[in-house]
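> any chance you could fold what I've pasted below:
(one chain, ligands or ions: 2)
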Amino acid sequence: MRKENTQGLHQFLSKPLNILITNHVNPDGDAMGSAFAMQMLLAKKGHKATVIVPNAYPHFLKWLPSNSEAVVYENDKTLAETQIADAELIVVLDYNALHRSGPMQTALESYTGDFLMIDHHQQPDDFAKWMISDTSKCSTAQMVYEFAQQFDLLSEMDVAIAENIYTGIVTDTGSFRFSSTTAATHTITAHLLELGVKPDSVYNNIFDANSVSRFKLLGSMLESMRVFQSKGSVILFLSEEDQVKHNFRKGDSEGFVNYGLSIEGITFAVFIREEKGFCKISLRSKGDLDVNQISRQNFNGGGHKNAAGGLVEKPLVDVIKIAESVIGVL
Ligand code: 5GP
Ligand code: MN
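Ligands and ions are numbered 1, 2, ... in the order given. Model (predicted):
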């Protein structure tokens, strides 16, 4: 962020404001951890900070500490729209284009106040008065920590805020294994542990919360996967039928795409989940292959160089064919 811009924001935040904190559709650990951390940090400075999420978030993130429950736009449109209209600042976390807020897009587009964006995705849209956008950061949660540092809020950080930031970092770095993990990430994490975060308890809450049906769902996905060894690629998919059979719950397929990359020699994984009338796609790569570009060109999506997502309004068989053709030209 430009210096004069930061000063403007410092001044803007110097009086108590009614602030709304938002994140992207299908919020993940980074989106939720960042949002609740930001809520608690701003509240410590006397602001009224409310979190609004576009739709429900996974059950394994429900333990995250917060000052007040997140308002789910999809379930509580009237309340959410009043809050949007009344906000004196809207914070945009872990997304950089208003369409990524899904059902909330129109309401946010008609908001006439100012936006503060904190995000680490590529190619941000230009709608925020204050924009902290850095694709080199492993997570938005790390950027929220750095925001606290820059805005003299670090002394306000307690274990609850630290747990939220830790969760964002852990989930977006694949437990510190992606190339986006830096020395700064570990330095920040060290401070979070000093503040009292217990890694075993966070891991237990997030990763050891599997249901038996989720594991069986994983089994059926692995059973049907298609491996293109000479292309270093794999296609993983779940049909609607697979999901019904294993009582699919929101978030059950979180992280499934990473299983593809854990196969020796595989550097590109496509995961496709069928829903009524469309398929949700997750792409992951290792090294130079830019899945953000692949997603933009083939799957109406985007994201980062090594992790992206998209959505195609076609049945599973057709989306598998698109993935096969992408792999064919690698
Ligand atoms: P995931 O595969 O975990 O859903 O998403 C991977 C990354 O790509 C995340 O950082 C996410 O924000 C981004 N992403 C996922 N789906 C979409 C999409 O439909 N459009 C865009 N622009 N980004 C997406
Ligand atoms: Mn993120």
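
> not including adjacent chain positions, what is the nearest residue to Lys129?
Asp114 (4.2 Å; C-beta to C-beta, 6 or more residues apart in numbering). The C-beta positions use only the backbone N, C-alpha and C, and glycine is treated the same way.

> for the one you found, phi and psi?
The phi/psi pair for Asp114 (degrees, to the nearest 10) reads phi -100, psi 150.

> check which element follows whichever helix or strand Ala49 is part of along the chain.
In this structure, Ala49 sits in strand 48-53 according to DSSP states H and E. Downstream of strand 48-53, the next assigned helix or strand under DSSP H and E is strand 71-72.

> which other helices and strands contact that next one?
On a contact count with 3 or more C-beta pairs under 8 Å, 6 or more residues apart in numbering; DSSP states H and E, strand 71-72 meets strand 48-53, helix 77-86.

> residues touching that strand, excluding its own?
50-56, 79-80, 83 (C-beta atoms under 8 Å, 6 or more residues apart in numbering).

> would you turn the helices and strands packed on strand 71-72 into TSV with mean pLDDT?
Shown next, in TSV, are the helices and strands packed on strand 71-72 (pLDDT from 0 to 100):
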stretch	mean pLDDT
strand 48-53	98
helix 77-86	97
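
> and among those, the most buried is which?
strand 48-53 (a mean of 24; mean count of other C-beta atoms under 10 Å).

> direction included, what does it pair up with?
Strands that pair with strand 48-53, judged by DSSP bridges, come out as strand 18-22 (parallel), strand 71-72 (parallel).

> gap between that strand and the chain center?
17 Å (C-alpha atoms, centre = their mean, to the nearest Å).

> and Pro16, how far is that from Gly8?
Using C-beta to C-beta, to the nearest Å, we find Pro16 at a distance of 17 Å from Gly8.

> from ligand 2, how far off is the residue sitting furthest away from the middle of the chain?
Most distant from the centre of the chain: Ser230, at 31.6 Å, with distances by C-alpha atoms, centre = their mean. Plainly put, Ser230 is 32 Å away from ligand 2 if you go by C-beta to the ion, to the nearest Å.

> quick one, which of the helices and strands packed on strand 71-72 gets closest to Asp200.
strand 48-53 (26.5 Å; C-beta to C-beta).

> who's in contact with stretch 254-273?
Contact partners of stretch 254-273, identified using C-beta under 8 Å, 6+ apart, comprise 28, 58, 60, 174, 218, 221-222, 225, 227, 229, 231-238, 243, 253, 279-287, 289, 291, 316, 319-320, 323, 326-327, 330.

> out of the residues you listed, list just those in strands.
Using DSSP state E, the members of the contacts of stretch 254-273 that fall within strands are 227, 233-238, 279-285.

> want to throw those into CSV with distance to Gly301, pLDDT and neighbour count?
As requested, these are exported to CSV (distance: C-beta to C-beta, whole Å; pLDDT from 0 to 100; neighbours: other C-beta atoms under 10 Å):
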residue, distance to Gly301, pLDDT, neighbour count
Val227, 23, 98, 15
Ser233, 18, 98, 25
Val234, 19, 98, 26
Ile235, 16, 98, 21
Leu236, 17, 98, 24
Phe237, 16, 98, 22
Leu238, 18, 98, 25
Cys279, 11, 98, 26
Lys280, 9, 98, 19
Ile281, 7, 98, 26
Ser282, 9, 98, 26
Leu283, 8, 98, 29
Arg284, 13, 97, 26
Ser285, 14, 97, 23
